[in-house]
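J.: Can you look at this prediction? I've put the sequence above it.
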Amino acid sequence: MTVARACLHALLATVRLGGALTRAAMRFLFVPFKVRRVLSASLVGVVVAAVLLPNVIRRGPSRGPGNASLGPSGAVAACRAIGTGLPAPGPCGDPWRRFAAANPRGRLAAPPSVSVGAIWRALDAAGSPLADNNVRRGGRTYAEYIWDVGRSTGIDPGVMMAFFNQESNYGTKGVAVRSHNPGNLRPIPNRRTVCDVDGCYAYAADWFQGIDDTYGVLRHYTARGIKTIEQAIPVWAPNVDHNDDNVFLKGVHYTMRALAADS
């Protein structure tokens with residue numbers, strides 16, 4: 001039900017309620033006591049419903065991206081499809097931010113193997129700062145932005161999310177909490193750095209910039225001929241930094257499968 005239609009129903013209900021109350025008030029004193037008790041109970045029920053109805057209308061469906069009630073049917077069918085561009089921000093466009101194809105080989109350049117709903121739920125479950133739907137760029141939430149940048153750059157957002165999870169549990173652990181750096185990228189020329197016990201990392205002014213930085217590195221890999229996460233991880237997380245590439249690879253594949261399954 002659209003907001004306009006819900007408001008119309010609420011208005012009609014209010015008019016009917018007013019009429020019922022008027023008739024009840026005029027007749028109340030002229031009915032037997034037993035009937036009066038039934039009418040009193042009914043009136044209480046009507047008043048309670050009238051108080052709760054506006055709150056239900058205002059609350060509406062959950063804002064989490066990928067909400068089933070906002071699927072590509074009914075009124076949402078008029079929303080713009082992806083085509084060569086990107087979906088509109090918010091509930092109208094979110095149904096188009098879907099899982100496009102499985103990516104079992106972990107190719108960096110691939111259609112989205114995750115929906116925006118699965119991205120948002122993963123961030124929310126981790127308690128990530130990127131689960132905040134009030135922070136936006138160009139009208140887009142963090143979850144929408146992650147999907148959109150992946151779609152526009154040709155990099156699977158499922159890959160980006162898997163690296164993000166492996167590095168910092170979606171920005172909840174380690175230096176990423178302070179650096180806004182989803183990929184825990186090392187220092188970038190002419191940019192601030194944030195240092196920790198295991199070295200220094202690039203600082204991003206906000207998470208949106210950090211998302212751009214991470215996708216930029218993944219695009220750079222593909223330009224160098226690095227096509228899969230298996231090829232990328234030794235460069236991304238070299239053994240010299242005390243990384244276990246096999247553990248990292250398994251973690252990335254596990255996250256990608258989980259996100260795809262939730263999409």
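T.: Received the coordinates, thanks.
J.: only C-alpha atoms for contact and neighbour calcs from this point on.
T.: Will do.
J.: So residue 189: helix, strand or coil?
T.: Residue 189 carries the three-state label coil when classified by DSSP: H, G, I helix; E, B strand; the rest coil.
J.: And it, how close does it get to residue 180?
T.: Computed as C-alpha to C-alpha, to the nearest Å, the residue 189 to residue 180 distance reads 17 Å.
J.: How about residue 237?
T.: Distance, residue 237 to residue 180, using C-alpha to C-alpha: 18 Å.
J.: Residue 241 now?
T.: From residue 241 to residue 180 the distance is 20 Å (C-alpha to C-alpha).
J.: Neighbour count: those two, which is higher?
T.: A direct count of neighbours by other C-alpha atoms under 10 Å for residue 241 and residue 180 places residue 180 higher, at 23 against 9.
J.: burial of the spatially closest residue to that one that is not a sequence neighbour, as a residue count?
T.: Once flanking residues are discounted, residue 180 sits nearest to residue 207: 4.9 Å by C-alpha to C-alpha, 6 or more residues apart in numbering. Burial of residue 207 is recorded as 20 neighbouring residues (other C-alpha under 10 Å).
J.: got the contact list for residue 146?
T.: Each residue near residue 146 by C-alpha atoms under 8 Å, 6 or more residues apart in numbering is listed here: 157, 211.
J.: Helix or strand: which one has it?
T.: If you go by DSSP states H and E, residue 146 is part of helix 142-153.
J.: May I have the next helix-or-strand element following that helix exported as PDB, CA atoms only?
T.: Heading C-terminal from helix 142-153, the first helix or strand you meet, by DSSP H and E, is helix 157-168. The C-alpha trace of helix 157-168 is given here as PDB (Å, rounded to 0.1, in the frame of the first residue of the first chain):
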ATOM      1  CA  PRO A 157      30.800  -5.900  -5.000                       C
ATOM      2  CA  GLY A 158      30.800  -9.400  -3.400                       C
ATOM      3  CA  VAL A 159      34.600  -9.400  -3.800                       C
ATOM      4  CA  MET A 160      35.000  -6.000  -2.200                       C
ATOM      5  CA  MET A 161      32.700  -7.000   0.700                       C
ATOM      6  CA  ALA A 162      34.700 -10.200   1.200                       C
ATOM      7  CA  PHE A 163      38.000  -8.300   1.500                       C
ATOM      8  CA  PHE A 164      36.400  -5.800   3.800                       C
ATOM      9  CA  ASN A 165      35.100  -8.500   6.100                       C
ATOM     10  CA  GLN A 166      38.400 -10.300   6.100                       C
ATOM     11  CA  GLU A 167      40.400  -7.200   6.900                       C
ATOM     12  CA  SER A 168      38.300  -5.700   9.700                       C
END
